[in-house]
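>>> I'll drop the sequence and a predicted model, then ask my questions.
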Amino acid sequence: MEFLDKLRAQLRSRLDERAAKADELEALLAVPASEERSELNELETTQFAEIRGVITGIDEETVELRARITEMESVVAEDQEARAEAAHLGEADATEARISVKSNEMTYRKNGDHSYFKDLALSSAPGRFDSEARARLVRHAEEVAIETRTNMSRTDGQGGEFVPPLWLLNQYVSLARAGRVTADLSSKYELPAGTDSINLPKISTGSAVAAQQDNGAATNVDIATATVTAPVNTYAGQQLFALSLLEQSPINFDQVVFADLIASHAQAIGAAVVGGAGTSGAHKGILTNTSTNTITYTATTPTGSGVYAAIAQGISNVAKNRYLPPDAVVMNPSRWYWLVSQVDTNGRPFVVPSAGMPFNAAGVADEVRAEGMVGTIAGVPVYLDPNIGSTYSTDQDRVIVARFSDLALFEGPLRSRVLFETDANTLQVRLQVYSYSAFTSYRRSTAISVCSGTGFVAPSGY
């Protein structure tokens, strides 16, 4: 009953959320009418699409919830009948419930008894179907939906219900690979099913308003529109290893392999958002967007004050062209710690620990990190992303100053599968992970400033 009550509570919560989103949609649609407009503007169109996407996702989830509630109610009814019959016969020992949900432990947990990929392999291996492994996978899919309340169980192709355990997805954080700092700064949306491109409407030329003399004609400039398109791309990786490692290893070797694949997947998305070429199935990244603000710092011997001035100019360019401030500065760790080492003519550091807080500091360092937020420059948070390197020119790195909330990253769930047939003759198994995603920095290119030039030569020794 506890599990059934939880399902019902979740259904009520999702229905309440849907009602709230429907009210938001109704209020949004009322705005053009109140302003005597015949259509939604760019911001309203984006908001409309976002709200509709949330409502669609809720509708899909509630259908599944209702089906599972009906199934559970049937099981509970049968159990109650059995209890009543046992009580009638005076067989107290027979009143043991046939269903019991007393533990919140996940089926696949860190250092647990069962291996996710081993079960996935055993449930799909030709000629050796394992019903218990399949049952654990199904139970895991239910746990993902109920306990973690994520969208990872969406079906977008074959085998969508078998998503990796959440703790495995987070495993990449501790590995020696660059993560996806810049990608996670972007606005993230769920990738819609059944599409190979994301098309965002954009107003390229707006209306005009000017002073008007009595009886004079009002200024009339037609709105021009355009479309920002982001193709849906596939990012995938695989490992091929001996079946004996999967079946006979004293440790869950598949988890070791999968953790590394997850790390590689995170780095691939992170690098693509920063500088993807936009060709051969790759995202077109920020540094390959030719419409951004360009800040060039030229210096034979770069200085901390020169780099600081270039970053400040980048902040200014975003503010004056986007009419809103940037929300982050992103750079390579070597660039940041080079700045930390710089001093003025009196030997005072440009970037100081937050405990010092002198009035004339160019920047403030909050924490020592290799990735993520480390401090501020000119009041703007600074994030370190190792994916920003010197591979975009011969020897220079880049500093990105942007309102990253204007960037859009659409992602589907990370999926996995185990293949036997391809390598059956060598008793090997192929482990794959893949996902579909789309990214664009062209929604508002003027919200991005890229600092480069000879003054950004990669610091030696850092």
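Noted; the coordinates are in hand.
>>> Ignoring the adjacent residues along the chain, who's closest to Gly375?
Ala365 (4.3 Å; Cβ to Cβ, 6 or more residues apart in numbering). C-beta: built from backbone N, CA, C; applies to glycine.
>>> I'd say the one you found and Val351 touch.
Yes - the criterion here is Cβ atoms under 8 Å, and Ala365 meets it with Val351 at 5.2 Å.
>>> intersection of neighbour lists for the two?
In terms of Cβ atoms under 8 Å, 6 or more residues apart in numbering, Ala365 and Val351 are both contacted by the residues 340, 375.
>>> Contact partners for the residue nearest to Gly375?
Contacts of Ala365 were listed using Cβ under 8 Å, 6+ apart, and they are 340, 351-354, 374-375.
>>> Turn those into JSON lines, including pLDDT and distance to Glu421.
As requested, the contacts of Ala365 are arranged in JSON lines below (pLDDT from 0 to 100; distance: Cβ to Cβ, whole Å):
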{"residue": "Val340", "pLDDT": "89", "distance to Glu421": "54"}
{"residue": "Val351", "pLDDT": "82", "distance to Glu421": "57"}
{"residue": "Val352", "pLDDT": "80", "distance to Glu421": "61"}
{"residue": "Pro353", "pLDDT": "77", "distance to Glu421": "58"}
{"residue": "Ser354", "pLDDT": "67", "distance to Glu421": "57"}
{"residue": "Val374", "pLDDT": "89", "distance to Glu421": "48"}
{"residue": "Gly375", "pLDDT": "88", "distance to Glu421": "53"}
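>>> Helices along this structure, start to end?
2-34, 42-89, 116-124, 131-143, 166-169, 181-185, 243-248, 253-275, 304-322, 333-341 (DSSP state H).
>>> Any chance of JSON lines for those, columns distance to Ile295?
Output for those, formatted as JSON lines (distance: least, Cβ to Cβ, whole Å):
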{"stretch": "helix 2-34", "distance to Ile295": "37"}
{"stretch": "helix 42-89", "distance to Ile295": "27"}
{"stretch": "helix 116-124", "distance to Ile295": "47"}
{"stretch": "helix 131-143", "distance to Ile295": "49"}
{"stretch": "helix 166-169", "distance to Ile295": "37"}
{"stretch": "helix 181-185", "distance to Ile295": "18"}
{"stretch": "helix 243-248", "distance to Ile295": "51"}
{"stretch": "helix 253-275", "distance to Ile295": "17"}
{"stretch": "helix 304-322", "distance to Ile295": "5"}
{"stretch": "helix 333-341", "distance to Ile295": "14"}
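>>> and Thr227, which of these is closest to it?
Closest of the helices of the chain to Thr227 is helix 42-89, at 11.3 Å (criterion: Cβ to Cβ).
>>> Quick one: mean pLDDT over the closest one.
Averaged across helix 42-89, pLDDT comes to 73.
>>> picking that back up, just the contacts of Ala365: which are in strands?
351-353, 374-375 (DSSP state E).
>>> ok, so of those, who is nearest Ile55?
Val374 (39.0 Å).
>>> Any figure for the gap between the closest one and Phe350?
In this view, Val374 and Phe350 are 14 Å apart by Cβ to Cβ, to the nearest Å.
>>> what's the answer for Phe420, then?
58 Å.
>>> can you check Asp119 too?
54 Å.
>>> before we move on, back to that, want to throw the helices of the chain into CSV with mean neighbour count and distance to Asn425?
Shown next, in CSV, are the helices of the chain (neighbours: other Cβ atoms under 10 Å; distance: least, Cβ to Cβ, whole Å):
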stretch, mean neighbour count, distance to Asn425
helix 2-34, 13, 45
helix 42-89, 14, 40
helix 116-124, 22, 17
helix 131-143, 17, 24
helix 166-169, 18, 30
helix 181-185, 23, 40
helix 243-248, 15, 12
helix 253-275, 22, 21
helix 304-322, 19, 57
helix 333-341, 20, 46
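>>> about what we covered before: which pLDDT value goes with the residue nearest to Gly375?
For Ala365, the pLDDT comes out at 73.
>>> Name the strands paired with the lengthiest strand in the chain and say parallel or antiparallel.
Longest strand of the chain, by residue count under DSSP E: strand 428-440. Strand pairing for strand 428-440, determined by DSSP bridges: strand 233-242 (antiparallel), strand 408-411 (antiparallel), strand 415-419 (antiparallel).
>>> can you tell which of those strands is closest to Ser187?
From the strands paired with strand 428-440, taking Cβ to Cβ, the stretch that ends up closest is strand 408-411, at 5.5 Å.
>>> send the alpha carbons of the closest one over as CSV?
What follows is strand 408-411 as a C-alpha-only set of coordinates in CSV (Å, rounded to 0.1, in the frame of the first residue of the first chain):
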residue,chain,number,x,y,z
ALA,A,408,20.4,26.7,-25.8
LEU,A,409,21.4,23.0,-25.3
PHE,A,410,18.8,20.4,-26.0
GLU,A,411,19.6,16.9,-24.7
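>>> Tell me how far that strand lies from the chain's centre.
7 Å (Cα atoms, centre = their mean, to the nearest Å).
>>> which of the residues in it are buried?
Neighbour counts over strand 408-411 (16 or more other Cβ atoms under 10 Å) mark 408-411 as buried.
>>> Mind putting the residues you listed into a markdown table with distance to Gly455 and pLDDT?
Output for the buried residues of strand 408-411, formatted as a markdown table (distance: Cβ to Cβ, whole Å; pLDDT from 0 to 100):
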| residue | distance to Gly455 | pLDDT |
| --- | --- | --- |
| Ala408 | 31 | 94 |
| Leu409 | 30 | 95 |
| Phe410 | 36 | 95 |
| Glu411 | 35 | 93 |
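>>> And those, which is closest to Arg52?
Nearest to Arg52 among those is Phe410, at 14.5 Å by Cβ to Cβ.
>>> what residues are up against the closest one?
188-192, 198, 230, 232, 437-439.
>>> next one: Pro32
Shown in contact with Pro32 (Cβ under 8 Å, 6+ apart): 38-41, 44.
>>> switch to 7 Å and redo it
38-40 (Cβ atoms under 7 Å, 6 or more residues apart in numbering).
>>> And for Val307?
297, 339, 455.
>>> Domain-wise, how is this structure divided?
1-94, 163-204+221-462 (automatic domain parsing).
>>> where among the ones you listed is the average confidence lowest?
For the domains of the chain, where the average pLDDT is lowest is domain 1-94, sitting at a mean of 74.
>>> Next, format the domains of the chain as CSV and append distance to Glu132.
Formatted as CSV, those follow (distance: least, Cβ to Cβ, whole Å):
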stretch, distance to Glu132
domain 1-94, 19
domain 163-204+221-462, 15
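>>> For Ser115, which of those domains is the nearest?
Set against Ser115 and scored by Cβ to Cβ, those come closest in domain 163-204+221-462, at 3.9 Å.
>>> hang on, the earlier thing: filter the contacts of Ala365 to the buried ones?
340, 351-352, 374-375.
>>> In JSON lines, list the buried residues of strand 408-411 along with distance to Asn220.
Compiled in JSON lines, the buried residues of strand 408-411 are given as follows (distance: Cβ to Cβ, whole Å):
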{"residue": "Ala408", "distance to Asn220": "32"}
{"residue": "Leu409", "distance to Asn220": "38"}
{"residue": "Phe410", "distance to Asn220": "37"}
{"residue": "Glu411", "distance to Asn220": "42"}
